[in-house]
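Asks: Sequence first, predicted model second:
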Amino acid sequence: MAGIQTASGEYIDSSFELKVHVEDLGEDADPITLRVTGDLHIGGVMLQLVEKIGIAKDWSDYALWWKQKRQWLLKTNWTLDKYGILADALLYFMPQHKPVILSLPNQRSLRIRVCFSSTTFSACAEVCKMLGIRHPEELSFLKAPEEREKKKKKEKDPVTQEIFDLTSFQPTVAREGQVQFGGVPPHFIGSPEGQECYKALSVCQTGLTPEDIQKRYKASSVTDKTAVHARWLDSSKSLMQQGVQEGDRLWLRFKYYTFHDLDPKMDVVRINLLFEQARWAVLLEDTECTEEEMMTFAALQYHVNKLSVTSDPMHLSQDPALQDLDEALSHLEVKLEATTPSEALEGIELEPELQENLKVFRPRKMTLKGYKQHWVMLKGTNVLCYKSKEEARGEPQILLALKGCEVSPEVNIASQKFCIKLLVPSPEGMNEVYLRCENEQQYARWMAGCRLAAKGRTIGDSSYDGEVQNILSFLTLQKSNAQTSASAAESINMLALVSPRYQKKLKLKQLSPRILEAYQNIAQITLVEAKLRFIQDWQSLPDFGVSYFLVRFKGARRDEILGIASNRLIRIDLNVGDVVKTWMYSNMKQWNVNWDIRQVSIEFTENINVAFTCVSASCKVVHEYIGGYIFMSTRAKDGGSKGLNEELFHKLTGGHEAL
């Protein structure tokens, strides 16, 4: 009804009735009718609406949703005329933040409130702040596979052990600088529920079985790998615009494979989720690797699983430098408690040293010389080698500064070989030196001392004795390889550490010794170091970080595969699987999208032009991938997430596209 009419049919004014559905009143409730004019602003409409509802509550998170246009009316100073809203508009008054079920890479699920009115980019950044994940631009949301799609591909969405409820946490809690207390966001510390949730985020999933891997959908071809990218949400549109409803399941995944500034202290959750995504990529063979590489990945998983069982992420580890300072102050305090200055001086102990006869070997080109007996001293963080004990007061024949060096074990229990490999950096390159010990006890003492020296500590450190015992325990573990393999297979299922292909190829009796053999080289690294090592090895694989799309190149008669990586585009023959052509981003001059015919065209240097239409996903997804990687390359210049420019991201990824 347009305006109020008199009995003669004349209009008194230009007002009209506007019907608004209020979500809180229920689906069956009648809409609330307001009489408005076109010059009334959106804020005025909301004010009238709240007054007419007559319910006292906090309405600050509520906004108007225009159903026909699939548009949020967020500019409260705009008038109805400016938005083009007439009497036939179907408006809904609803909260902007609603709960969804968020599936994480570690097969955990969260019920968390997400903003349905902001862009997906902003909504993802808000969630990442809540979870304590830095650099949220690397992640995004995917829609969960539909039931018919999962049945067709025999894929089962993994049933998580528990859904952790974070709806009581307000998104505004996670502000800039919230990552503190050793990397734990403060809102997780305040309650037992928050601490349990943080443990679920920062501790990897243990207890996997081969069946857990086999029931997961595995892409059998490159074409199958292209299907996942059709489910990525548009970063420049809101969740509501893309059909996401309250309570829907979304996947949070790393979308761009450029992991900026991984900090073990600040990125506990981020590293764990990245490790889990990398682990499943290896186990499901999304990223292919050789058999030897698979054994290394299995050994790292074995180590992570063992340490994860006893790890407590809420235990905030103290900085090593501060720990050394505290120990030094405590030591000084004890000494100053002496009754007289002379007693204080007499009680001061010298820095402990290691001095023993060891065999030393320095590999040289064109030489047949082997190990030679030396009197070796570990003094502070330096190793000094003398010809004999009597000459120890003079200049050493070999002087090695171990701080920052690489220390690796070279142990074979069967042949009683106890060697320590040292790679010491020098101006001429890496100096390689081997120290050979006579027995297990001597090896444990020197190995522990060298490892501490590499970290800038001495054998006077409080952790030295514990390090020696850990090494002795590990040597004991290696004495009986068969028994070790059996016990390890019982505690951790070795078959669950490799992909189904190697589960079929290798029996457990063959697999366990090979994994444990690779494990001995990384057995002494920490939990976070093992996860980072897994991620680094994953990044070194040839197929790492390539996202595949089914496209039709301009002028071609059949579909082909386009691979998009962090620094290049790859044209792949669909039938053969061979790489036809590679284009580097550094040679790209410009790229455009024709939204009418849905075609992406790219211009490179040397007058090279490439154009294609997308088959497996929309061209917006491809456009976003290319622009996203270019955006990621600018982060080192602007300071990373502190200089995160969402406007630039949307400009590069096609956020200007008309809805």
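Replies: Noted; the coordinates are in hand. Predicted model only: the values in this text are computed from it and were never measured. Residues are numbered from 1 along each chain as shown.
Asks: In which helix or strand does the residue most central in space within the chain reside?
Replies: When CA atoms, centre = their mean is applied to the chain, the residue found nearest the centroid is L274 (2.7 Å). Counting by DSSP states H and E, the element that carries L274 is helix 268-283.
Asks: ditto for M130
Replies: Using DSSP H and E, M130 falls in helix 120-131.
Asks: How about that helix, which residues are buried there?
Replies: Of all the residues in helix 120-131, those buried under the rule 16 or more other CB atoms under 10 Å are T120, F121, A123, C124, A125, E126, V127, C128, K129, M130, L131. Placement of C-beta: from N, CA and C, glycine included.
Asks: what do you get for stretch 49-56?
Replies: Quick answer for stretch 49-56 (16+ other CB under 10 Å): L49, V50, I53.
Asks: want to throw those residues into CSV with secondary structure and pLDDT?
Replies: What follows is those, written out as CSV (DSSP: H, G, I helix; E, B strand; the rest coil; pLDDT from 0 to 100):
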residue, secondary structure, pLDDT
L49, helix, 95
V50, helix, 95
I53, helix, 92
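Asks: what mean pLDDT would you report for the next helix or strand after the helix holding L274?
Replies: Using DSSP H and E, the helix or strand that follows helix 268-283 in sequence is helix 291-310. Average pLDDT, helix 291-310: 92.
Asks: what's the answer for stretch 622-629, then?
Replies: Per-residue scores along stretch 622-629 average to 92.
Asks: What residues sit buried inside it?
Replies: Quick answer for stretch 622-629 (16+ other CB under 10 Å): V622, H623, E624, Y625, I626, G627, G628, Y629.
Asks: which residues are in contact with that stretch?
Replies: 137, 232, 234-235, 255-256, 258, 547, 549, 551, 562, 564-567, 569, 585, 591, 593, 600, 602, 614, 649, 651-654 (CB atoms under 8 Å, 6 or more residues apart in numbering).
Asks: Return it as CSV; C-alpha atoms alone will do.
Replies: C-alpha atoms of stretch 622-629 as CSV (Å, rounded to 0.1, in the frame of the first residue of the first chain):
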residue,chain,number,x,y,z
VAL,A,622,41.0,-19.2,-9.8
HIS,A,623,41.1,-15.5,-9.8
GLU,A,624,41.2,-15.5,-6.0
TYR,A,625,44.0,-18.0,-5.9
ILE,A,626,46.3,-16.1,-8.2
GLY,A,627,45.6,-12.7,-6.5
GLY,A,628,45.9,-14.3,-3.1
TYR,A,629,49.4,-15.7,-3.8
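Asks: In the stretch 351-500 of the chain, where is pLDDT below threshold?
Replies: When residues are selected by pLDDT under 70, those of the stretch 351-500 of the chain lie in 365-369, 414, 428, 477-491.
Asks: go again using 80 as the cut-off
Replies: Applying pLDDT under 80 to the stretch 351-500 of the chain flags the ranges 351, 364-370, 412-415, 426-430, 474-492.
Asks: Do you have the strands of it handy? List them.
Replies: 354-361, 372-379, 382-386, 398-401, 406-412, 417-426, 429-437 (DSSP state E, counting those that start in this stretch).
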